[in-house]
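Asks: Any chance you could fold what I've pasted below:
(2 chains)
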Protein chains: 2
Amino acid sequence: MPANIFSYQQLFDFTKTIFEKIGCSEEHARTAAGSLLSADLRGIDSHGVARLTGYVRLWEVKRVNATPAIKVIHETASTAVVDGDSGLGLVIAPFAMQVAIEKAKQVGTGWVSVQNSNHFGIAAHHAMLALEHDMIGMAMTNASPLVVPTFSIDKMLGTNPVCVAAPAGKEPPFVADFSTTTAANGKLEILQRKNLQTPDGWVQDAEGHPSNDAHVLKNGGALLPLGGDREHGSHKGYALGAIVDIFSGLLSGANYAPWVPPFPAYVPMPALQPGKGIGHFLGAMRIDAFRHADEFKKSMDHWIHGFRSCKTIPGEEKVLVPGDPEREMEAQRISNGIPLMEAVSKDLEQLGTRFGISLS
Amino acid sequence: MPANIFSYQQLFDFTKTIFEKIGCSEEHARTAAGSLLSADLRGIDSHGVARLTGYVRLWEVKRVNATPAIKVIHETASTAVVDGDSGLGLVIAPFAMQVAIEKAKQVGTGWVSVQNSNHFGIAAHHAMLALEHDMIGMAMTNASPLVVPTFSIDKMLGTNPVCVAAPAGKEPPFVADFSTTTAANGKLEILQRKNLQTPDGWVQDAEGHPSNDAHVLKNGGALLPLGGDREHGSHKGYALGAIVDIFSGLLSGANYAPWVPPFPAYVPMPALQPGKGIGHFLGAMRIDAFRHADEFKKSMDHWIHGFRSCKTIPGEEKVLVPGDPEREMEAQRISNGIPLMEAVSKDLEQLGTRFGISLS
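Replies: Next comes the predicted model:
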């Protein structure tokens, strides 16, 4: 393979070993590597191995506990709160999803709010765990404040992503995974590297004026909620981000709003934190708790086929169903390998040197 | 009161009597009037008594059954499917929400998907029924196709609104109720009456070109998903609308996508309908199934206070919490009455004449 292209197995083994080196059990390291690498497979490069060093740094400053005692601290037949014991969100979220799935098997649905966690990678990985059980899966998480509510200068919410995954029959599943901002931070980073401006409605500057500067977050600027401004519905994107925060942070007893801990280990923790760590919310709904699963899946096939058959606007080739681009990317990267930017592969090599393992 | 201002009680009594005149039971008429009038109180004028004649017309063409046998046709401990028997959504949705609330009392949460219904008014009315039980309430509905998926010319989704209502302590509840489009149809109607153009990102024309024509829907145009276009995140608004359709239409066995029945009685029903009527999805989560309700509400107060205290961008007075504008409108209209446009009050007078009752 060319220099900066790696096979899934190569990156998985490397990542798993790094997690073991910082003290994770073999099982936790395997789960964490699976969560992290799912982002690289699906083309969400900002959330994959590019962040591995970041997780290690959080462990160094004791914000990540490599040997957490993850446990249910409160529950009913259809709900639970999980305390992640400051572990990796990459491990805690699949644990919580498993709790949700077991509850759904018993009483139709399961809903788990998580406190005391860290970044969980991509929401889709966790939501999709429900699919093989013929369940609809949901996953969301709050995150450190980069986003302004409509009319605000103060950053109060994270990009707070939501994923809903629903099984189909002959068609692949519906998987919608999106941040509640016009554009996620990863999109900004791409523009920064290319020295390009952002479209309108993505960011504002430190004084609250509309901006097109892709670097504006470094100067006190902010991401805008989906919609951009009030006239284009940003109050709806703001409301969505707020709902994610309430379900993930306030229902669980995690931190919320501007008090959610930052991912970079060098950024100081917010003062006077009202809760514990980062919060997630996971849900599983058994299809046959509503309707015969085969009937539902036949309807999903019909639905998906209808959307794929739409006439397109001038210049566009086809109408996509949520999950299509990521699934196509995954197929391609399983066959052809995962390309890493040079900065990322160098970073991983350094990490390998430090822990005495080889990337290639 | 001035000519076109009516008290809540006046409009409630009138609406309830009309529903009784078409054959609803006293109880159903009361519930339906309460659902419908909640829109007028909260300032969502497009969804209130302005639609009363529309509901009567649906009854005339036998699309609304005034004496439905609304029933649970499938259930588990935390879920149910309700068959609305073609009744008024205004009655069916509160019934389904009650089922969700009872299940939440037993097992922590309750989730009800509804088939064979009609338009349910505003989502907030139903979601808010959970609040007095110290529960988070959710309500959503699919609707007839006015909205294009990203890149599509074909209209495949309704404005598919979502509401989440969460109780606070000393602060009023958080109530986010929003369509999954950049702007709902009611906003377009306001511009049509004033002969104004729409902002960018609201609509496209019949060929799929961006448009600013507020009348464009009459000429084959479409509403755009929240975000407007791909560059501004319309794939996220599209995904949200799709999720509402899956939960409301496909989980219940109602119609979905372009097959959802239209509200105007003169618009023909879609051919080859795959399900029954319109679909809704209602949910209730008991706060103390996760965390002590008083602790949660204290956190909500803290959260709300934080958002209300944000510094604002130039030219804006304050940052709002979802539900603020509607609650302020409700207080004002309870005191000062509900103003109706002349076209609406004339329409109601004609309806009154026909059924032998007086509006004023």
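Asks: Flag every residue of the stretch 1-150 of chain A that's near chain B.
Replies: A:74, A:76-79, A:81, A:106-109, A:111, A:113, A:136, A:148-150 (CB under 8 Å from any CB of the partner chain). All C-beta atoms are positioned from the backbone trio N, CA, C, and that covers glycine.
Asks: How many neighbouring residues does A:F263 have?
Replies: 19 (other CB atoms under 10 Å in any protein chain shown).
Asks: check contacts around the residue nearest to it when sequence neighbours are not counted.
Replies: In this structure, A:F263 finds its nearest non-sequential neighbour in A:H119, 5.5 Å apart by CB to CB, 6 or more residues apart in numbering or on different chains. Going by CB atoms under 8 Å, 6 or more residues apart in numbering or on different chains, A:H119 touches A:R51, A:Y55, A:G89, A:L90, A:T141, A:A143, A:F263, A:I278.
Asks: Return the members of the residues of the stretch 1-150 of chain A next to chain B classed as buried.
Replies: The neighbour-count test (16 or more other CB atoms under 10 Å in any protein chain shown) marks A:74, A:76-79, A:81, A:107-109, A:111, A:113, A:136, A:148-150 as buried among the residues of the stretch 1-150 of chain A next to chain B.
Asks: Helices - which of those land there?
Replies: Within these, residues falling in helices by DSSP state H are A:V107.
Asks: Isn't A:A29 up against A:F12?
Replies: No. Counting by CB atoms under 8 Å, A:A29 does not reach A:F12; the two are 10.3 Å apart.
Asks: On the pLDDT front, check the residue of chain A most remote from its centre for me.
Replies: Here chain A reaches farthest from its C-alpha mean at A:P314, the gap being 32.6 Å by CA atoms, centre = their mean. At A:P314, the model reports a pLDDT of 93.
Asks: do A:I190 as well
Replies: On the pLDDT scale, A:I190 is placed at 86.
Asks: Just the buried residues of the host helix or strand of it, please?
Replies: Here A:I190 sits within helix A:185-194, counting by DSSP states H and E. For helix A:185-194, burial by neighbour count (16+ other CB under 10 Å) applies to A:N185, A:K187, A:L188, A:L191.
Asks: From those, list the ones also adjacent to chain B.
Replies: Okay, of those, nothing touches chain B (CB under 8 Å from any CB).
Asks: and A:T53, how far is that from A:G84?
Replies: Per CB to CB, to the nearest Å, A:T53 is found 21 Å from A:G84.
Asks: just the helices in chain A please.
Replies: A:8-21, A:26-42, A:52-60, A:89-107, A:123-127, A:185-194, A:234-245, A:293-308, A:324-336, A:342-355.
Asks: center of chain A, which residue is that?
Replies: A:I122 (2.6 Å).
Asks: What angle do helix A:342-355 and the lowest-mean-pLDDT helix or strand in chain A make with each other?
Replies: The helix or strand of chain A with the poorest confidence is helix A:185-194; it has a mean of 88 (mean pLDDT, DSSP states H and E). Interaxial angle of helix A:185-194 relative to helix A:342-355 (axes from the mean of the first three to the mean of the last three CA atoms, to 10 degrees): 110 degrees.
Asks: quick one: which of the residues of the stretch 1-150 of chain A next to chain B is nearest A:S211?
Replies: Ranked by distance to A:S211 (CB to CB), the residues of the stretch 1-150 of chain A next to chain B are led by A:V148 at 11.8 Å.
Asks: check contacts around the closest one.
Replies: A:D154, A:K155, A:M156, A:Q204, A:G208, A:A222, A:L223, A:L224, A:P225, B:C310.
Asks: just A:I313 next, same as before
Replies: A:I313 neighbours (CB under 8 Å, 6+ apart): B:F151, B:S152, B:I153, B:Q204, B:E207, B:G208, B:H209.
Asks: Top of these by number of neighbours, please.
Replies: Going by other CB under 10 Å, B:S152 tops the contacts of A:I313 with 25 neighbours.
Asks: thinking A:G87 is in contact with A:L58, fair?
Replies: No. With contact defined as CB under 8 Å, A:G87 does not reach A:L58; the gap is 10.8 Å.
Asks: hey, what's in contact with both of these two?
Replies: A:V64, A:N118.
Asks: where in the stretch 201-350 of chain A is pLDDT low?
Replies: Within the stretch 201-350 of chain A, no range satisfies pLDDT under 70.
Asks: rewinding a little: which non-adjacent residue is nearest the residue farthest from the centre of chain A?
Replies: For A:P314, the spatially nearest residue (CB to CB, 6+ apart) is B:G208, at 6.0 Å.
Asks: So the one you found sits against A:T312, correct?
Replies: Yes. Between B:G208 and A:T312 a contact is recorded at 7.3 Å, counting by CB under 8 Å.
Asks: ok, back up a step: quick one, which of the contacts of A:V148 are buried?
Replies: A:D154, A:K155, A:M156, A:Q204, A:G208, A:A222, A:L223, A:L224, A:P225, B:C310.
Asks: hang on, isn't the third one packed against B:S309?
Replies: No. Proximity of A:M156 to B:S309 does not meet the contact threshold set by CB under 8 Å, at 9.9 Å.
Asks: hang on, the earlier thing: among the buried ones among the residues of the stretch 1-150 of chain A next to chain B, which one sits closest to A:P68?
Replies: Among these, and counting by CB to CB, the member closest to A:P68 is A:V81, at 15.2 Å.
Asks: contacting residues for the nearest residue to that closest one once chain neighbours are set aside?
Replies: Among residues not flanking A:V81 along the chain, A:H74 sits closest, at 4.4 Å (CB to CB, 6+ apart). By CB under 8 Å, 6+ apart, A:H74 lies in contact with A:A80, A:V81, B:F290, B:R291.
Asks: about what we covered before: tell me the contacts of the residue nearest to the centre of chain A?
Replies: With CB under 8 Å, 6+ apart, A:I122 has these contacts: A:S35, A:S38, A:A39, A:R42, A:I44, A:H47, A:P161, A:C163, A:D177.
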